[in-house]
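Q: Fold the following for me, if possible:
(6 chains)
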There are 6 protein chains.
Amino acid sequence: MRGLLVGRFQPFHLGHLATVRWIREHRDEPLLLGIGSAQESYTWANPFTAGERFEMIDRTLQAEGISRVQCVPLPDIDRHAQWVAYVESMLPPFRHVYTNNPLTRLLFERAGHPVEPVPWADRARAEGATIRQELARTGSAEGLPLPAAVAAYLGEIDGAARLVRLRPNGAGGAPTA
Amino acid sequence: MRGLLVGRFQPFHLGHLATVRWIREHRDEPLLLGIGSAQESYTWANPFTAGERFEMIDRTLQAEGISRVQCVPLPDIDRHAQWVAYVESMLPPFRHVYTNNPLTRLLFERAGHPVEPVPWADRARAEGATIRQELARTGSAEGLPLPAAVAAYLGEIDGAARLVRLRPNGAGGAPTA
Amino acid sequence: MRGLLVGRFQPFHLGHLATVRWIREHRDEPLLLGIGSAQESYTWANPFTAGERFEMIDRTLQAEGISRVQCVPLPDIDRHAQWVAYVESMLPPFRHVYTNNPLTRLLFERAGHPVEPVPWADRARAEGATIRQELARTGSAEGLPLPAAVAAYLGEIDGAARLVRLRPNGAGGAPTA
Amino acid sequence: MRGLLVGRFQPFHLGHLATVRWIREHRDEPLLLGIGSAQESYTWANPFTAGERFEMIDRTLQAEGISRVQCVPLPDIDRHAQWVAYVESMLPPFRHVYTNNPLTRLLFERAGHPVEPVPWADRARAEGATIRQELARTGSAEGLPLPAAVAAYLGEIDGAARLVRLRPNGAGGAPTA
Amino acid sequence: MRGLLVGRFQPFHLGHLATVRWIREHRDEPLLLGIGSAQESYTWANPFTAGERFEMIDRTLQAEGISRVQCVPLPDIDRHAQWVAYVESMLPPFRHVYTNNPLTRLLFERAGHPVEPVPWADRARAEGATIRQELARTGSAEGLPLPAAVAAYLGEIDGAARLVRLRPNGAGGAPTA
Amino acid sequence: MRGLLVGRFQPFHLGHLATVRWIREHRDEPLLLGIGSAQESYTWANPFTAGERFEMIDRTLQAEGISRVQCVPLPDIDRHAQWVAYVESMLPPFRHVYTNNPLTRLLFERAGHPVEPVPWADRARAEGATIRQELARTGSAEGLPLPAAVAAYLGEIDGAARLVRLRPNGAGGAPTA
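A: Just a heads-up that it's a prediction; the model follows:
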């Protein structure tokens, strides 16, 4: 039976990688990586498409020689009471859920899934929000707690420049003039 | 012809009960209770499902011996210009609308419904936001301005513990790792 | 604990009434009537709004002296794998489900609800599709297997005339010129 | 005050043009052309995008020297009870509605708009469904009851070839392998 | 080939008018005005329906003698990665896009459209947010940087009074009691 | 660069397997399997959830020793003009698309993707619709053109019994009484 780790991975960073490695080492089961808020992209909180995040993870896992991990984009449904039923219908069978998020724990426990906390190496630095801020501030992925494959990919797609443009300045919201 | 009172009832508190009682005493017509944002649950602002809110109201009305009141869950449509047409299509015929909310008043008046303000006993305390805050802070429904039936029901479903978990801490949003 | 009967009630007919009466007589529990496809109206298959169907049922139950029955409009979500979780989140707690529909049975049994078949008096005649056809053909509710209160209400809202206009003639679909 | 004519215009044909001309001649008011099912395209019933239909109409009106007509794409909302409120919120103020469709008449009359029937020159031939069939059968717009500007535009965008590909053959539905 | 200017126009003000005039003077091509967030209305950030905004623009252009400009309401789709494909499917063919918004520029450039910055006369004052604030504060459109036709129209529809009612006071969100 | 094959895989059969094998043999690139209509399940045309289809494919590929293939559920968006932009945003970068479906070919070619036809071994028998019919008729997966792993999995989840219940009998549509 598989395990499940859900995240937004905006971007996939060293904290995520440490977590995936920890699960692969402690559990003899394949791992599903649910890419949450998959419909979002080109916003300050969700700058990268689900496909770009998929690619970041794929390249990293290959570079690190980590196998038996599958990515699945999960568009939001915005109805928490149905969320577990939704995830269960989109993913192949899974049992253990790995999370430190209280809501995720609440919803999966309520549905009968065993939920386990995960180590989160160097959380202070390896945090999506902090990394996005730094990308926009310096215009570069250098020195950030990212897997080498992710840093390289951000270079290819001009990721830092995208963050610079998306930085909120009071406007935000839908694209307009 | 029926009257209509719309609220989110997160949770149903003594201010709501006083309002329902006032309407039942002053108007000789059945009352519809529209449970707004019915699709929401397990969020800080909307912790309880529409069904749980329905149950809170049902138990309270029974305990208080109040009759001729019907609950109807109303999922949001997020398009104000169509909102009254939507509500009219979901509910049996109604005429008077009871509200202190300026937007609700504006939309129903524009559609030709007579709108009346309601008394709101002890508003300072009996306010959904304040009650949710207190539930999360103390982890208990004790001493809050709630009908006895609601306090008991919150005990049965571990309502206060849910609020503790949903309390925003910078994360918020969709469930993730 | 409540029981649940889901239907579209287009319109509420004598077969529905016999079923409700049978449940009220054999079960000592309140009954929820879920009004399915609640978002639909003014189509050939779903001519009446959820609110009009609510009114038909309300008047009939009052005329027949049937109590402890509550109507709840249920807009479709079009995702069967989440449907039971959705219904559970919209309704107050219920356990038994009454249905003769194989899909409804399948979905609720899979979620652990006991499901019971219901008698359906004189099904051949008391069938929504047949009744809608007859309303459009004769332009009148007379002689149809409808509760008196429903027949009267259809008169008030010009229900038969609506069916005449909605009868498909190759056009159908969204409103156009 | 403006008038309103709603259609899907798949494609805009001589029947539509005759109707527009008739309205412009008999009414001294600007005309809104609502492009219905605007979200649809690349299906057998709705082969052209709203933008392509807009372009067909725009070119035709210019070629014919017809002024004071404005196109507005109208995505479906699939909730008839709210449809008029929706249209009213998307369009600048209008009063008269021109239609031969019984449902459109029913919905607008119910909302208080005066509704008038329109002449429909040579309906047998100038019918969207017939024209789409012919486009797919012959692979050409020649000889069809279309304004010259529309026939020319269909040539530019390979419209007939599109219809050939979209013709249903038992497959239909969402794009797959 | 047409040009495109997208805005929310809440309300259409002198900055917008200056921009439209500049484009009409410097480009010999028709101009499309995309009315963004068209589904929104009766909120603090989007008080006016798409139809009301359409009317504001229409009256202003007529009063100013500006021609070859067409308004098109654009409901949001909330998926930035598909937004350009969406806009292209709703509008007749366009090429140049006029905007000062970094996200709009990013999305259209990525899709191959040439994007040009626009002058924005007296931005400090002629800003939607500032104007809405002033309308709510003074209850009047007098003295605000609005075209005369817009100020007059706001008088007709009681626009300032609407803003007074929509002003956020901690409540906000969906209409309730 | 990856290739892409989109299908509904209701269920994954020998024709699909032959196609996957053919692509893996002729192309030295990883393959993405897009599971179309991923939001659908428990209907006659789409009996299995995306997760169940994912599992069928996963087990088969493992049993057959086929590697470098990744499954991705793709919920429908029902807007063909945006469909390729949607697929591109959900999937990691891909270039070649494999399909025999004319609409899929049309949409991807229009967006610049090279599209190639695929062999479809023994199409007459290995067709989703035929297989679903047979599952419902015989109540068993025996003798059907399915990979052994799929037949076994259908046994585990009572797949044939599900088809028996979903077989249309004039009712169909949303779950009701």
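
Q: what's the span of stretch A:23-34, first residue to last?
A: Start-to-end span of stretch A:23-34 (C-alpha to C-alpha, to the nearest Å) is 15 Å.

Q: which outside residues touch it?
A: A:1-7, A:9, A:20, A:57, A:66, A:68-72, A:74, A:87, A:91-92, A:94, A:96, A:98, A:118 (C-beta atoms under 8 Å, 6 or more residues apart in numbering or on different chains). For glycine as for every other residue, the C-beta is placed from the backbone atoms N, C-alpha and C.

Q: Flag every buried residue along stretch A:6-22.
A: Applying a neighbour-count criterion of 16 or more other C-beta atoms under 10 Å in any protein chain shown, one finds A:6-20 buried in stretch A:6-22.

Q: can you name the two of the residues you listed that are farthest apart?
A: A:6 and A:14 (18.4 Å; C-beta to C-beta).

Q: Poorly predicted segments of chain A, please.
A: Within chain A, the ranges that satisfy pLDDT under 70 run A:121-124, A:169-174, A:176-177.

Q: cutoff 80 now
A: Across chain A, the ranges flagged by pLDDT under 80 are A:120-126, A:169-177.

Q: Show me which residues of it sit near chain D.
A: Residues of chain A found near chain D (C-beta under 8 Å from any C-beta of the partner chain): none.

Q: Identify the residue spatially nearest to the residue in chain A that chain B sits nearest to, adjacent ones excluded.
A: Closest to chain B within chain A is residue A:80: 3.6 Å, counting by C-beta to the nearest C-beta. Among residues not flanking residue A:80 along the chain, residue B:42 sits closest, at 3.6 Å (C-beta to C-beta, 6 or more residues apart in numbering or on different chains).

Q: again, but for residue A:1
A: residue A:95 (4.5 Å).

Q: now that neighbour, what's its secondary structure?
A: State at residue A:95, reduced to three classes by DSSP: H, G, I helix; E, B strand; the rest coil: strand.

Q: what's near enough to touch it?
A: For residue A:95, counting by C-beta under 8 Å, 6+ apart, the contacting residues are A:1-3, A:113-114.

Q: between those, which has the most around it?
A: Sorting those by how many neighbours each has (other C-beta atoms under 10 Å in any protein chain shown) puts residue A:3 first, at 21 neighbours.

Q: Quick check on the contacts of stretch A:23-34: which are buried?
A: Buried among those by 16+ other C-beta under 10 Å: A:2-7, A:9, A:20, A:57, A:66, A:69-72, A:74, A:87, A:91-92, A:94, A:96, A:98, A:118.

Q: next one: phi and psi at the closest residue to residue A:116 other than its chain neighbours?
A: Distances taken as C-beta to C-beta, 6+ apart put residue A:98 closest to residue A:116, at 5.5 Å, once the chain neighbours are dropped. When read as degrees, to the nearest 10, the backbone of residue A:98 gives phi -110, psi 120.

Q: How about residue A:98: which residues does it bridge to?
A: Beta-bridge pairing for residue A:98 (DSSP bridges): residue A:5, residue A:116.

Q: ok, it touching residue A:4?
A: Yes - using C-beta atoms under 8 Å, residue A:98 makes contact with residue A:4 at a distance of 7.0 Å.

Q: Quick check: which element contains residue A:33?
A: strand A:31-36 (DSSP states H and E).

Q: May I have the strands that pair with that strand, each with its orientation?
A: Strand partners for strand A:31-36, identified by DSSP bridges, are recorded as strand A:2-7 (parallel), strand A:69-74 (parallel).

Q: Dump the first one to PDB, restricted to CA.
A: Yep, that's strand A:2-7 we're talking about. Extracted in PDB, the C-alpha atoms of strand A:2-7 (Å, rounded to 0.1, in the frame of the first residue of the first chain):
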ATOM      1  CA  ARG A   2       1.300   3.500  -0.900                       C
ATOM      2  CA  GLY A   3       1.900   6.500   1.400                       C
ATOM      3  CA  LEU A   4       0.800  10.000   0.600                       C
ATOM      4  CA  LEU A   5       2.500  13.400   1.000                       C
ATOM      5  CA  VAL A   6       0.600  16.500  -0.100                       C
ATOM      6  CA  GLY A   7       2.200  19.800  -0.700                       C
END
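
Q: now it and strand A:94-98, what's the angle there?
A: Inter-element angle recorded for strand A:2-7 and strand A:94-98: 40 degrees (by axes from the mean of the first three to the mean of the last three C-alpha atoms, to 10 degrees).

Q: go on, the last one?
A: Regarding strand A:69-74 and strand A:94-98, their directions subtend 90 degrees when assessed with the same axes, to 10 degrees.

Q: Now tell me what touches strand A:69-74 from outside.
A: Outside strand A:69-74, the residues touching it (C-beta under 8 Å, 6+ apart) are A:6, A:20, A:24, A:30-38, A:50-51, A:53-54, A:57-58, A:61, A:87, A:90-91, F:54, F:70-73, F:90.

Q: Going by neighbour count, which of those residues are buried?
A: Buried among the contacts of strand A:69-74 (16+ other C-beta under 10 Å): A:6, A:20, A:24, A:30-38, A:50-51, A:53-54, A:57-58, A:61, A:87, A:90-91, F:54, F:70-73, F:90.

Q: is chain B contacted by stretch A:8-17?
A: Yes - Stretch A:8-17 lies within reach of chain B by C-beta under 8 Å from any C-beta, at residue A:8.

Q: What separates the first and last residues of that stretch, distance-wise?
A: Start-to-end span of stretch A:8-17 (C-alpha to C-alpha) is 13 Å.

Q: chain center to that stretch: distance?
A: From the chain centre to the centre of stretch A:8-17 is a distance of 5 Å (C-alpha atoms, centre = their mean, to the nearest Å).

Q: I would like the residues contacting that stretch, please.
A: Contacts of stretch A:8-17 with the rest of the structure, by C-beta under 8 Å, 6+ apart, involve A:7, A:33, A:35-37, A:45-48, A:53, A:56-57, A:60, A:64, A:120-123, A:126-128, A:131-132, A:144-147, A:150, A:154, A:159, B:174, B:176.

Q: ditto for stretch A:120-137
A: If you take C-beta under 8 Å, 6+ apart as the criterion, stretch A:120-137 is touched by A:8-11, A:13-16, A:18-19, A:44-45, A:47, A:100, A:141, A:144-146, A:154, A:159-160, A:163-164, A:166-167.

Q: Between the two ends of it, how far is it?
A: The straight-line separation of the ends of stretch A:120-137 (C-alpha to C-alpha) is 25 Å.

Q: Pull out the buried residues from it.
A: Neighbour-count burial for stretch A:120-137 flags A:120-121, A:126-128, A:131-132, A:134-136 (criterion: 16+ other C-beta under 10 Å).

Q: Then stretch A:103-115?
A: A:103-108, A:113, A:115.

Q: Farthest pair within those residues?
A: Maximum pairwise distance among those (C-beta to C-beta): 13.8 Å, between A:103 and A:113.

Q: Which residues are in contact with residue A:110?
A: Counting by C-beta under 8 Å, 6+ apart, residue A:110 has contacts residue A:84.

Q: Quick one: distance of the longest helix along chain A to the chain centre.
A: Assignment by DSSP state H gives helix A:50-64 as the longest helix of chain A. For helix A:50-64, the gap between its own C-alpha mean and the chain's C-alpha mean amounts to 11 Å (C-alpha atoms, centre = their mean).
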